[in-house]
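>>> give me coordinates for this.
(chains A, B, C and D)
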There are 2 protein chains.
Amino acid sequence: MAGLRERKKQRTRDALVRTAHELFVAQGYERTTIDEIAAAVDVSQRTFFRYFASKEEVAFALLRTVEERFFTAVRERPADEAPLQVLGNALGTAWNHIGDAIQEVVPLEVYMRMWRVIETTPALVAAHLRHSTEQEERLAAEIARRAGVDPEHDPRPRVLVAAFAGVLQLAGRRWAAGRDITVEGARRVFREHLDRFGPALAEDWRPAGGSGEDTPACRG
Amino acid sequence: MAGLRERKKQRTRDALVRTAHELFVAQGYERTTIDEIAAAVDVSQRTFFRYFASKEEVAFALLRTVEERFFTAVRERPADEAPLQVLGNALGTAWNHIGDAIQEVVPLEVYMRMWRVIETTPALVAAHLRHSTEQEERLAAEIARRAGVDPEHDPRPRVLVAAFAGVLQLAGRRWAAGRDITVEGARRVFREHLDRFGPALAEDWRPAGGSGEDTPACRG
DNA sequence: TCGAAAGTGTCAGTCGCTGACACTAGGCTC
DNA sequence: GAGCCTAGTGTCAGCGACTGACACTTTCGA
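Next up is the predicted model:
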């Protein structure tokens, strides 16, 4: 177990994330000041900025945690799984722990409501889009590596990841808009949305080799 | 001709855009302050904010002008043109005036260099992504309207626009990275990139009617 | 020509964010 | 257990983006 110092730091960080999320959800992102968050946690504004580089960062803190869990799950999938299966199954196993990880910091309902706050705050939408494109790039590279294709010339990893990310985004919105706050509900919503994929993106790519231009997944 | 007041306003606005662009290009976006821009144009900081709601807005001012010209050109294309032809031809005719419109404010080279500034400034990348998604939505709606399909259920307008926007983005980067500063050079680069589209997206959609789910442009 | 309205400058203030420096408290050695 | 090292914190002072209030000037229309 970590020392007292470490545990104290973790508590402060969690308190900042929790308080920030509660305030953002209750009164909006822009109407909440850093001073307000810091005061509620009883630390100085300067301390806030030692934990988070910006106001935006604390707003995305939980999303980042979830993201990392998903990424780890992707890396741990067996090597012979087809690309779309990797993504779907990684999401499935990640959900086993995500719920608990979130609820260690905030109630699931707060996390859920934060989705809408992000969606309806222009500055957060912009930050989210930028981060998402970076993550899609990263995910596509990992998928390409696993499938043994060249991500520079084969467009399929990016296309798959873009489609997958789009579905996730939509599913998340639907979940956040609905009434089922439970983790099971979230898992179900995501599962249902993913199942709408056609077979094209799910096929095994390895026979295609590194020069995907010859056999792209989608060509009219 | 507009009154003295109007002309004066236009001159101030152009001077702000020009000075801002020159400073952004010369020393970077973040290293340029509003006070600096305002001082160079010899107006107060307050006046700057009466012309532009934010620092970002002045950085995108020229791009917005170009965008609007393109949009107008799209609306003016004949009704019987196929979707991709509409986009390509609108771009072609828009280029007839875009060059002059830009050069009324800044030399073309400054406009070109501003592309790279936007690309390499995280805050501007984020703002640009957000704005782009909104514009793609708008453009897809217009394309769907022209083609007589339902944008809610037929994915083709969005797919086409997304692909078109991606190609434009890439072409713009290539142009800004190259040496040919002329409008003709830009037109050529964009034309070349657009010509790489396959025939699938160029097909006429009207036979498909409003329920595009039955005949999507891209399905594996 | 005179008055309404548009445009501008000044000032004072908020908020996000940063550097510098002094202080406190956790963790280590002896 | 005393004492040192240093990670973590608070305080303070300041920058830059942005806003509201108010007074002054300039244009425009009756």
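>>> how about the one residue sitting closest to the centre of chain A: what's its closest non-neighbour residue?
Centrality entry for chain A: nearest residue to the mean C-alpha point is A:Glu67, 3.6 Å, by Cα atoms, centre = their mean. Excluding its sequence neighbours, the residue lying closest to A:Glu67 (Cβ to Cβ, 6 or more residues apart in numbering or on different chains) is A:Gln135, at 6.5 Å. The C-beta positions use only the backbone N, C-alpha and C, and glycine is treated the same way.
>>> for the host helix or strand of that neighbour, packing partners?
Element membership for A:Gln135 (DSSP states H and E) is helix A:122-147. For helix A:122-147, the packing partners by 3 or more Cβ pairs under 8 Å, 6 or more residues apart in numbering or on different chains; DSSP states H and E come out as helix A:55-59, helix A:61-75, helix A:83-103, helix A:108-119, helix A:156-177, helix B:122-147.
>>> pull the number of nearby residues for the residue nearest to A:Tyr111 when sequence neighbours are not counted.
Excluding the flanking residues, the one nearest A:Tyr111 by Cβ to Cβ, 6+ apart is A:Ile102, at 5.0 Å. Other residues within reach of A:Ile102, judged by other Cβ atoms under 10 Å in any protein chain shown, total 19.
>>> could you do the one 10 residues further on as well?
Other residues lying near A:Met112 total 21 when counted by other Cβ under 10 Å.
>>> could I get the contacting residues of the residue nearest to A:Tyr111?
A:62, A:65-66, A:108, A:111 (Cβ atoms under 8 Å, 6 or more residues apart in numbering or on different chains).
>>> of these, which pair is most distant in space?
In the contacts of A:Ile102, two members sit farther apart than any others by Cβ to Cβ. They are A:Thr65 and A:Leu108, at 13.4 Å.
>>> closest to B:Leu168 among the contacts of A:Ile102?
A:Val66 (33.1 Å).
>>> okay, now the closest one: neighbour count?
17.
>>> which residues does it contact?
Contacts of A:Val66 by Cβ under 8 Å, 6+ apart are A:94, A:98, A:101-102.
>>> out of those residues, who's the most crowded?
Top of the contacts of A:Val66 by neighbour count (other Cβ under 10 Å): A:Ile98, with 23 neighbours.
>>> surely it meets A:Arg187?
No - the criterion here is Cβ atoms under 8 Å, and A:Ile98 misses it with A:Arg187 at 9.2 Å.
>>> list the contacts of the residue in chain A that DNA strand C sits nearest to.
Using Cβ to the nearest atom of the strand, the single residue of chain A nearest to DNA strand C is A:Gly3, 2.3 Å away. Contacts for A:Gly3 (Cβ under 8 Å, 6+ apart) come out as none.
>>> and for A:Val86?
A:74, A:77, A:143, A:146.
>>> test my guess that the second one contacts A:Asn89.
Yes - look at A:Arg77 against A:Asn89 with Cβ under 8 Å: they come within range, at 6.0 Å.
>>> coming back round to it: hmm, the residue nearest to the centre of chain A is touching A:Glu136, no?
No - if you go by Cβ under 8 Å, A:Glu67 and A:Glu136 don't touch, sitting 11.2 Å apart.
>>> hang on, A:Gly99 packs against A:Met112?
No - judged on Cβ under 8 Å, A:Gly99 makes no contact with A:Met112 at a distance of 11.3 Å.
>>> where does the prediction get shaky in chain A?
A:1, A:197-220 (pLDDT under 70).
>>> write out the residues of it neighbouring DNA strand D.
Contacts of chain A with DNA strand D, taken as Cβ under 7 Å from any atom of the strand, map to A:5, A:8-9, A:12, A:42-47, A:50-51.
>>> farthest pair in the residues you listed?
Farthest pair in the residues of chain A next to DNA strand D, by Cβ to Cβ: A:Arg5 and A:Gln45, 21.7 Å.
>>> separation between A:Arg7 and B:Trp115?
49 Å (Cβ to Cβ, to the nearest Å).
>>> out of these two, which sits in the busier spot?
B:Trp115 (17 against 11).
>>> where does the closest residue to A:Leu23 other than its chain neighbours sit: helix, strand or coil?
The shortest distance from A:Leu23 to any non-neighbouring residue, by Cβ to Cβ, 6+ apart, is to A:Thr32 (4.4 Å). Under the three-state scheme (DSSP: H, G, I helix; E, B strand; the rest coil), A:Thr32 adopts coil.
>>> neighbours of A:Gly92, just the number please.
The burial count for A:Gly92: 14, using other Cβ under 10 Å.
>>> would you agree it is in contact with A:Arg188?
No - using Cβ under 8 Å, A:Gly92 is not in contact with A:Arg188; the gap is 11.1 Å.
>>> tell me which of A:Arg5 and A:Gln45 has more neighbours.
Taking other Cβ under 10 Å, A:Arg5 and A:Gln45 do not tie; A:Gln45 has more neighbours (13 against 8).
>>> surely the more buried one is in contact with A:Ile34?
Yes - between A:Gln45 and A:Ile34 there is a contact at 5.6 Å, judged by Cβ under 8 Å.
>>> distance of A:Arg138 relative to chain B?
16 Å (Cβ to the nearest Cβ, to the nearest Å).
>>> also A:Trp175?
The value you get for A:Trp175 to chain B, if Cβ to the nearest Cβ is used, is 21 Å.
>>> tell me how many other residues crowd that residue.
Per other Cβ under 10 Å, the neighbour tally for A:Trp175 reads 20.
>>> need the helices and strands packed on helix A:122-147 in CSV (columns: distance to A:Leu16).
Formatted as CSV, the helices and strands packed on helix A:122-147 follow (distance: least, Cβ to Cβ, whole Å):
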stretch, distance to A:Leu16
helix A:55-59, 6
helix A:61-75, 8
helix A:83-103, 15
helix A:108-119, 14
helix A:156-177, 23
helix B:122-147, 23
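>>> distance to DNA strand C added to those, as JSON lines?
JSON lines is the format used below for the helices and strands packed on helix A:122-147 (distance: least, Cβ to the nearest atom of the strand, whole Å):
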{"stretch": "helix A:55-59", "distance to DNA strand C": "3"}
{"stretch": "helix A:61-75", "distance to DNA strand C": "13"}
{"stretch": "helix A:83-103", "distance to DNA strand C": "23"}
{"stretch": "helix A:108-119", "distance to DNA strand C": "14"}
{"stretch": "helix A:156-177", "distance to DNA strand C": "24"}
{"stretch": "helix B:122-147", "distance to DNA strand C": "10"}
